[in-house]
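Undergrad: Kindly generate the corresponding structure for this input.
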Amino acid sequence: MTTLVVFFFLLATGWTLLGLLGIAVATRRPERVASSVDALPPVTVLKPLCGHDPSLQGNLESFFLQSHPNYELVFGVEDPNDPAIVTVMRLAEKYPKVRSRIVCHSGLAASNPKVRNLLGMMGHASHDLFVISDSNVRVDAHYLEELVRTRLETGAGIVTSVIAGTGETSLGGALESAQLNGFCATGACIPTLFGDAAVIGKSMLMSRKELADLGGLSRVADVLAEDFVLGKMFQHGGRPVVLARTIVQNVTGNVSIEAFFQRHRRWATLRWRLRPAAFVLEPLLNGVALSLLAWTLSEPLLVFVPWAFGLCVARDVAGWVLLRGTRSLWIPVVVAPVREGLSLAAWLIAPWKRRVTWRGHLMKLGAGTLLFRTAEQG
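TA: This next block holds a predicted model:
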C-alpha cells in the first residue's frame, strides 16, 4: 500500500504548492499602466449591517478613507434600533465629504438574511457599479480604486478579493486567521485563477445592469451560498470572475473556539452541497486525516506523520507570509494541531447536517444550499 499512500501525499503536496502559487499570482502580479484616477467610473458600496462588534468602527472607517474620487457608501439595517447605526452616524459626521446614507428597511422577500438586506438597499444605490462588502472586513485606501481598475483592465463580470485573517485577540481568533490564510485562501485562489469561479462574498464588485440581465439579486434570495451562485451566474453568462491584487482583511478579533468550529462546520456544509466531489477529497489537505490514513494502512509513521503535519503547517505559514507578512508568524505553527483536528471534525459532521445557524437565523438547507423555512422561522 506504500505506493498508494505516497501518491496521496504527493497529490496533497502538489495541490498545496499550486494553491500557494495561486495566492502569489493573484496578489503580486505586475501593475499595468494606471489610468487617471479621475477617469474611473463611480461606484456604490453596499454594507449590510446587523449588530455591533468591537472592530466595527475601524472596519467601516476604512471605507470612508478611500482614494477613489467618486464613490458612495450605503449602509443597510432591518432594525431601527440596531447599534451599528450609531457607529455609522459618528463616522458620517467625522467624514462629511464622503457621501453616505443609512437605509432602514423592513426587508424584502428572501430566505437569505444578507440578500434580504441587500435587496432593501439596492434601490438606494446611485451608480451602476457596486461593491458588496461585509461588516467584518477592513481595507486599504486604494481598495475601491483597485477593484474598478481591475474590472476595466480585464473585462471581468465580478471582481473579488483574496481574504486575509487578521486582528486575532483570542485562541478562536487565531484559529480563524490561520484557517483563512491557509486552507481557505489556497482553496479560493486555485479555481478562480483557472476560470472556475469561486467568489468570496466578503468583497464583490459588479454591474447592476449586468446582474439584472442575469436575473438580479432575487435569483439568489433563497440560497445560502449566494456568493458562489452569483459567481456561477456571471461565469456561465460569459463574464469571468477575476481576483484583484488588493488583499482584504477579515478582522477575526475575539472569536470563541465554539464560534470558530460552528462557522467552519457551516462552510463545510455548504461545500458538501455545492461541490461534493471536491469535498470528499478535502481530507488530503488535513494533517490529522493524512496521518490516520498512514496509520490505518500500517505505513511508517515516522515518515508520513511529519510529512502530513509539515505540509499543512508549511501551507499555513506560507499563506500567512504572503497575505500579512511575518508578524505573529508563530500563530499558524502553534495552533496547527487544534485547527487540523477541529477542521476534520467539521468535515465529518457536515454531510449529516440539515440545518445551519447564521447570525441568529436557523435555516434548513437543501441541494445547492437552497433554503427552506423552518418552524422556528414561522
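Undergrad: what's residue 295 in contact with, if anything?
TA: Residue 295 makes contacts with residue 301, as judged by C-beta atoms under 8 Å, 6 or more residues apart in numbering. To be clear about C-beta, it is placed using only N, CA and C from the backbone, and glycine gets the same treatment.
Undergrad: Name the helix or strand for it, please.
TA: Element membership for residue 295 (DSSP states H and E) is helix 287-296.
Undergrad: can you map out the strands along the stretch 51-200 of the chain?
TA: Using DSSP state E, counting those that start in this stretch, the strands of the stretch 51-200 of the chain run over 71-77, 99-104, 129-133, 137-138, 158-166.
Undergrad: Return the most buried member of the ones you listed.
TA: Of all the strands of the stretch 51-200 of the chain, strand 158-166 carries the top mean neighbour count, a mean of 27, counting by mean count of other C-beta atoms under 10 Å.
Undergrad: quick one, it and strand 129-133 angle?
TA: Orientation check (axes from the mean of the first three to the mean of the last three C-alpha atoms, to 10 degrees): strand 158-166 against strand 129-133 gives 30 degrees.
Undergrad: Return the list of helices and strands in contact with strand 158-166.
TA: helix 2-28, helix 143-154, helix 171-179, helix 185-193, strand 203-207, helix 226-236, strand 241-251, helix 301-324 (3 or more C-beta pairs under 8 Å, 6 or more residues apart in numbering; DSSP states H and E).
Undergrad: Pull out the buried positions in the one helix or strand in the chain whose mean pLDDT sits lowest.
TA: Using mean pLDDT, DSSP states H and E, strand 355-358 stands out as the lowest-scoring helix or strand of the chain, at a mean of 76. By 16 or more other C-beta atoms under 10 Å, the buried positions in strand 355-358 come out as residue 356.
Undergrad: Show me what the helix or strand following it pairs with in its sheet, parallel or antiparallel.
TA: Following strand 355-358 in sequence order, the next helix or strand is strand 361-365 (DSSP H and E). Here strand 361-365 is paired, per DSSP bridges, with strand 355-358 (antiparallel), strand 371-372 (antiparallel).
Undergrad: now these in CSV, with distance to residue 112?
TA: Below are the strands paired with strand 361-365 laid out as CSV (distance: least, C-beta to C-beta, whole Å):
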stretch, distance to residue 112
strand 355-358, 9
strand 371-372, 6
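Undergrad: For residue 319, which of these is the nearest?
TA: Closest to residue 319 of the strands paired with strand 361-365 is strand 355-358 (C-beta to C-beta; 25.4 Å).
Undergrad: Give me the contact list for the closest one.
TA: With C-beta under 8 Å, 6+ apart as the test, strand 355-358 has contacts from 113, 224, 262, 266, 269, 362-365, 374.
Undergrad: switch to 10 Å and redo it
TA: Identification of contacts with strand 355-358 by C-beta atoms under 10 Å, 6 or more residues apart in numbering yields 112-114, 224, 262-263, 265-267, 269-270, 350, 362-365, 369, 371-372, 374, 376.
Undergrad: Residue 322 is in contact with residue 332, isn't it?
TA: No. Checked against C-beta atoms under 10 Å, the pair residue 322 and residue 332 is beyond contact range at 11.9 Å.
Undergrad: how much space between the most centrally placed residue in the chain and residue 255?
TA: Centroid-nearest residue in the chain: residue 200, 4.0 Å away (criterion: C-alpha atoms, centre = their mean). As judged by C-beta to C-beta, to the nearest Å, residue 200 and residue 255 stand 18 Å apart.
Undergrad: and if you look at residue 16?
TA: 25 Å.
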